[in-house]
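[1] pasting the sequence and the predicted coordinates here, then a few questions.
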Amino acid sequence: MKSRWMNWVGVLALAAAGCSEQVVERAETRPLVRVGAARQGVTFVDALRVQGTVRAKDAAGVSARIPGTLDAVFVDEGDRVKKGDALFQVDRQNLENAVRAAKDDLAMAKAKLAQADVTVGKAKRDAERMERLFAGAAVTKDALEKAQVGAKSAAAALEAAQATVTKAETGLAVSEKNLSDSCVRAPYDAIVTRKHRNVGDYVGPGVCVFSVENPSVYEVSFSLNAAHFARVKPGETTVRLDRPLAGKRDLVLTYRSPTVNAVTRTFEVRAQLPRTEDVAAGMLLDGEIVFASHTGQGVPASAVADRGGSDAVFTVVDGKAVRIAVETGLETDGWREIVRPALGPEKKIILEGMLLVNEGDEVRTQDVSL
């Protein structure tokens with residue numbers, strides 16, 4: 001038994017001696033980081049995400065100008081019309097009758113005016129004759145005064161007849177205008193987008209019969225928070241659409257509402273969009289309002305961290321991580337602007353793996369290009 005125990009001791013002793021001669025390899029503990037130079041000439045954009053609605057720049061609800069029954073409609077939804085084309089007719093028969101009656105009234109008034117004119121002439125001549133006779137003592141003063149009163153009365157009747165003619169002329173003009181207005185025409189070249197009334201319906205001023213819109217120019221309308229009111233400059237500020245429409249992607253804002261809505265605290269901006277087959281009123285468009293754009297040096301946004309309450313990047317010097325405090329600017333498409341200091345091409349900025357290191361840590365590096 002003792003002999004067997006001694007044999008095991010010998011084996012263990014030999015094993016221990018063999019292990020002491022082997023070299024123990026040290027495990028690698030330095031983190032691997034990817035490094036590269038900051039990119040110069042990156043375009044940074046100060047922008048705001050928005051969603052807008054397409055609508056016709058010129059759109060109108062076409063209403064009847066006079067009250068009456070809708071006699072006829074000459075177009076339908078989807079029709080293209082030219083400026084001045086007839087759209088619908090209201091109560092034409094009654095209005096034509098009114099015109100004929102007005103013409104008759106005018107003719108009668110003119111006849112009475114002519115009669116009054118003849119009467120004035122006769123009364124004037126009678127008064128003049130009586131004046132001569134009175135001067136020759138052939139008639140009494142009473143007869144002269146009666147003739148003079150008759151002349152004045154005839155003159156007054158003539159004025160009244162003239163006023164009646166003027167009134168009849170006005171009545172005829174109104175009747176003819178109503179007849180003309182009873183046929184409502186297109187205000188401009190347009191597409192009929194909706195019909196609201198049918199033949200036989202009673203319509204009047206303010207009652208929309210057709211909706212039409214200008215087929216040549218559309219607008220995109222956006223609603224922005226009041227905080228951006230002063231930043232929008234019509235004619236300068238642009239909106240960049242997520243996808244091109246009508247062959248365009250960048251549009252210039254042409255309008256900013258002069259006031260802010262007191263309820264929603266928003267204001268409206270618009271941009272014109274030429275009409276093509278890929279544009280229709282009511283479409284929603286996504287994009288961004290671009291307030292400013294410039295170029296500068298940048299690094300991937302993941303390369304910037306908040307360390308000690310300020311932004312910083314890490315560079316590698318002699319195999320160790322070195323923190324550099326930076327002033328950052330805009331962020332665009334995953335790139336963060338480094339305003340200062342200048343990060344020259346000689347500085348190896350940690351682009352990936354930065355969160356694994358602290359100031360002074362030893363690191364292994366792998367170069368990447370941006």
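    Cool, got the structure. Numbers count the residues shown, from 1 in each chain.

[2] give me the buried positions along the helix or strand harbouring Arg49.
    Using DSSP states H and E, Arg49 falls within strand 39-56. By 16 or more other Cβ atoms under 10 Å, the buried positions in strand 39-56 come out as Arg39, Val42, Phe44, Ala47, Leu48, Val50, Gly52, Val54, Arg55, Ala56. In short, each C-beta sits where N, CA and C put it, glycine included.

[3] residues in contact with the second one?
    Residues in contact with Val42, defined by Cβ atoms under 8 Å, 6 or more residues apart in numbering, are Thr295, Gly296, Gln297, Gly298, Thr332, Trp335, Glu337.

[4] is the fourth one in contact with Ala38, as I believe?
    Yes - shown here, Gly298 and Ala38 form a contact pair, counting by Cβ atoms under 8 Å, at 6.7 Å.

[5] for those two, indicate the residue with more neighbours.
    Neighbour count, other Cβ atoms under 10 Å: between Gly298 and Ala38, Gly298 has more, with 28 against 24.

[6] packing partners for the host helix or strand of that one?
    Using DSSP H and E, Gly298 sits within strand 284-300. For strand 284-300, the packing partners by 3 or more Cβ pairs under 8 Å, 6 or more residues apart in numbering; DSSP states H and E come out as strand 39-56, strand 217-225, strand 238-245, strand 335-340, strand 349-352.

[7] between those, which one is nearest to Gly204?
    Gly204 lies closest, by Cβ to Cβ, to one member of the helices and strands packed on strand 284-300: strand 39-56, at 25.6 Å.

[8] what's the first helix or strand after that closest one?
    Heading C-terminal from strand 39-56 (DSSP H and E), you reach strand 59-63.

[9] show me where pLDDT drops low in the stretch 1-150 of the chain?
    1-26 (pLDDT under 70).

[10] quick one, strands of it?
    32-36, 39-56, 59-63, 68-73, 80-81, 86-90 (DSSP state E, counting those that start in this stretch).

[11] turn those strands into CSV, including distance to Ile324.
    Converted to CSV, the strands of the stretch 1-150 of the chain look like this (distance: least, Cβ to Cβ, whole Å):
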stretch, distance to Ile324
strand 32-36, 13
strand 39-56, 16
strand 59-63, 57
strand 68-73, 75
strand 80-81, 65
strand 86-90, 72
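
[12] quick one: closest of those to Ala325.
    strand 32-36 (18.4 Å).

[13] helices and strands around that closest one, which ones?
    Other helices and strands packing on strand 32-36, by 3+ Cβ pairs under 8 Å, 6+ apart, are strand 310-317, strand 349-352, strand 364-367.

[14] could you rerun that using 7 Å?
    Contacting strand 32-36 under the criterion 3 or more Cβ pairs under 7 Å, 6 or more residues apart in numbering; DSSP states H and E are the following elements: strand 349-352, strand 364-367.

[15] okay, now Leu241: neighbour count?
    As a burial measure, Leu241 scores 20 neighbours (other Cβ under 10 Å).

[16] same check on Leu253?
    Neighbourhood size, Leu253 [other Cβ under 10 Å]: 21.

[17] relative to Val149, how far out is Met141?
    Quick fix: residue 141 reads Lys, not Met. 13 Å (Cβ to Cβ, to the nearest Å).

[18] of those two, which one has the most company?
    Val149 (12 against 9).

[19] ok, back up a step: so what sits against both of Gly298 and Ala38?
    Residues touching both Gly298 and Ala38 by Cβ atoms under 7 Å, 6 or more residues apart in numbering: Ile338.

[20] contact partners of stretch 133-149?
    By Cβ under 7 Å, 6+ apart, stretch 133-149 touches Asp126, Ala127, Met130, Glu131.
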